[in-house]
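In: Provide a 3D model corresponding to the input given below.
(one chain, ligands or ions: 1)
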Amino acid sequence: MPRASSESSQGPSQGPSPEPLDIGPLGLEDRPALFDIFEDVVASGDGYPHRPPLTAADFEATWSGPSVTTVGARRGRTLVGAYYLRPNFVGRAAHIANAGYVVGRRWRREGVGRALVEDSIRRAPTLGFDAIQFNLVFASNPARALYERLGWREVGRVPEAVDGEDAVVYWRAVP
Ligand SMILES: CC(C)(COP(=O)(O)OP(=O)(O)OC[C@H]1O[C@@H](n2cnc3c(N)ncnc32)[C@H](O)[C@@H]1OP(=O)(O)O)[C@@H](O)C(=O)NCCC(=O)NCCS
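Out: Prediction:
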């Protein structure tokens, strides 16, 4: 369950509680909503190195493929966030997953990202992974605090990875 939002700037703090968060595998019917969320993320330049505007090919390369698992978070019928899990390497290193998370702008800072990351920690072992590695977390990405709080440790740095900014490599065993 998401944490209650104590400092959200996304909307009024009073009023009805948001619908409960439902996390589960994505289907083809979710693709348009996922494209919209990811297109906005790519347009903002936050978190992913893709060049805007997002193309269908870049979207498919990120979110599709036989070895890619996609999971979404819904409030009611609305897709509010998602993540993918895929092998980060081939062969004998394929036990290490790579993951990427997105939350739609209007639903951020309400615990959706944390719920998705926690779900991926539980789900990755069921898919045969024993670790999750992030290859390219921008040094300035506020999500770093979330990853570090949830057990990832910095195992490397890529100098000037994206537009002159360093990127951090994170790893943690799962579960
Ligand atoms: C990163 C992202 C998935 C987080 O989703 P979210 O639903 O806003 O995350 P949560 O509400 O669960 O926040 C969890 C923690 O993340 C950190 N955090 C997330 N966004 C933050 C921000 N803008 N500023 C500061 N801290 C932030 C905080 O530590 C936060 O905990 P807190 O709310 O107790 O301070 C979302 O901001 C996003 O989609 N960003 C664009 C894409 C991206 O950067 N993805 C990660 C690629 S490595």
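In: so is stretch 88-107 next to the ligand?
Out: Yes. Stretch 88-107 lies within reach of the ligand by Cβ under 6 Å from any ligand atom, at Gly100, Tyr101, Val102, Val103. Just so you know, the C-beta spots here come from the backbone N, C-alpha and C atoms, and that holds for glycine as well.
In: in that stretch, which residues are buried?
Out: Using 16 or more other Cβ atoms under 10 Å as the test for burial, stretch 88-107 gives Asn88, Ile96, Ala97, Asn98, Ala99, Gly100, Tyr101, Val102, Val103, Gly104, Trp107.
In: check stretch 31-41 too.
Out: So, applying 16+ other Cβ under 10 Å, buried residues of stretch 31-41: Arg31, Ala33, Leu34, Ile37, Phe38, Glu39, Asp40, Val41.
In: quick one: contacts for the third one?
Out: When contacts are counted by Cβ atoms under 8 Å, 6 or more residues apart in numbering, Leu34 touches Leu26, Trp63, Thr70, Gly72, Leu79, Ala82.
In: what do you get if the cut-off is 6 Å, keeping everything else the same?
Out: Leu34 sits next to Ala82 when contact means Cβ atoms under 6 Å, 6 or more residues apart in numbering.
In: now do the phi/psi pair for the residue nearest the centre of the chain.
Out: For the chain, the residue nearest the mean C-alpha position is Tyr101 (0.6 Å; Cα atoms, centre = their mean). With angles defined as degrees, to the nearest 10, Tyr101 sits at phi -120, psi 140.
In: again, but for Asn141
Out: phi -70, psi 120.
In: distance-wise, check it relative to Thr126.
Out: Distance of Asn141 to Thr126, computed by Cβ to Cβ, to the nearest Å: 27 Å.
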